Structures are given as C-alpha cells and as structure tokens.
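**Q** dropping a prediction and its sequence here:
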Amino acid sequence: MKRITVVVAACVLALATGGVALAGGVSGMATGGAKYVATTDNLAQIDFNAKIGPNGPQGRVHRRVLDMSGNFVREFVGSVNCYSQQGNVARFSGVITNSINDDPALNGQYFLWVVQDNGEGASAPPDLVKVDRATTPYDCTASQMMPTQPVDNGSIQVR
C-alpha cells in the first residue's frame with residue numbers, strides 16, 4: 001500500500017507541475033544551439049535548455065529569425081513549463097516572455113518546440129527541429145508534433 005501511495009503521489013506531482021516523469025526517475029534534458037531554414041525566405045537561429053528534474057520542468061528558449069541576407073526580422077524568448085522526452089525526441093512548451101519586432105501581443109502567449117538528436121559526426125543525419133506558437137497553452141506531454149526542419153549548423157542534444 002505504501003508503494004502505491006508513493007507512485008500515485010509522484011504521478012500527481014508530475015501532472016500538477018505540467019511535466020512528465022521519465023522512466024527510471026524524474027530526469028531528462030535537451031540543450032542546443034542551431035541554425036536552420038525556417039521558411040523559404042527566412043533563417044532561424046535557436047538556443048535552448050529544457051529539462052525536468054526534482055523541481056519539475058524548467059528552462060529557456062530563444063529564437064531569432066533573419067531574412068536570407070542576414071537582416072533581423074523578429075525574435076522571442078520563452079520560459080519552459082512542460083517537458084516530455086521519448087528516446088532521442090524531446091518536446092517542451094511554455095510561455096513567451098519577450099517578443100522583439102514581432103506582434104507585441106505574443107508576450108504571454110505560448111510556444112511548443114520539438115527537437116530530435118540524431119547523433120554526432122559527419123555520418124550522422126542532421127538533427128531536426130520544429131517550433132510552433134499559439135494563443136492557447138500546449139500540453140507537451142500530449143503533443144504528437146514531430147520535428148521536420150533539418151539543422152544546417154549546430155547541435156541538439158537530448159539525454
């Protein structure tokens with residue numbers, strides 16, 4: 001009975017904090033910095049750290065968009081409040097805390113990032129990323145979104 005109570009308490013804590021407990025304990029981390037083609041006329045630069053640990057999900061994301069000539073277009077920074085990981089794919093979401101040269105109404109809105117670590121070295125396929133924004137919160141633990149955009153320069157690590 002004591003074991004069931006502990007398991008139930010851990011599940012309730014994970015749900016209450018918006019995170020997810022990974023097999024083998026509450027842990028998991030995704031970090032990286034990368035450049036990729038975001039659209040046919042824009043490049044994106046990202047850096048992030050997202051994790052779940054004993055105090056729940058935490059982290060920060062930063063995305064800067066440039067036109068193909070390297071001129072600044074827009075940027076946002078966000079705070080992670082949900083983290084989910086399956087193998088080499090991590091999904092994390094949260095709140096946009098600062099939006100620059102973008103719709104100012106984005107502050108307080110939401111993001112979902114999905115990243116895939118495909119290994120290191122010249123023979124490894126490129127890491128993948130997908131970034132989405134919305135006016136309603138994302139549940140990163142329920143998302144089925146997959147990364148689709150290959151990283152041109154940089155590295156993503158999921159561990």
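**A** Ah, there it is. Computed from a predicted model, the values in this text were never measured in an experiment.

**Q** tell me how many other residues crowd Val37.
**A** Neighbourhood size, Val37 [other Cβ atoms under 10 Å]: 14. C-beta: built from backbone N, CA, C; applies to glycine.

**Q** actually Ala44, not the one I typed
**A** With other Cβ under 10 Å as criterion, Ala44 counts 22.

**Q** what helix or strand is it on?
**A** Taking DSSP states H and E as the criterion, Ala44 maps to strand 42-53.

**Q** and that strand, how far out from the chain middle?
**A** 6 Å (Cα atoms, centre = their mean, to the nearest Å).

**Q** helices or strands up against that strand?
**A** Other elements packing on strand 42-53 under the criterion 3 or more Cβ pairs under 8 Å, 6 or more residues apart in numbering; DSSP states H and E are strand 29-39, strand 56-67, strand 72-86, strand 89-100, strand 110-116, strand 128-134.

**Q** of those strands, give the one that comes closest to Ser155.
**A** strand 29-39 (5.8 Å; Cβ to Cβ).

**Q** tell me the helices and strands packed up against that closest one.
**A** Using 3+ Cβ pairs under 8 Å, 6+ apart, strand 29-39 sits against strand 42-53, strand 128-134, strand 149-150, strand 153-158.

**Q** quick check: which of those is nearest to Gln86?
**A** Closest among the helices and strands packed on strand 29-39, using Cβ to Cβ: strand 153-158, at 9.4 Å.

**Q** what mean pLDDT does the closest one get?
**A** Per-residue pLDDT over strand 153-158 has a mean of 97.

**Q** list the buried residues in that strand.
**A** Going by neighbour count (16 or more other Cβ atoms under 10 Å), the buried part of strand 153-158 is 154-158.

**Q** now do stretch 92-100
**A** Across stretch 92-100, burial judged by 16+ other Cβ under 10 Å covers 92-94, 96, 99.
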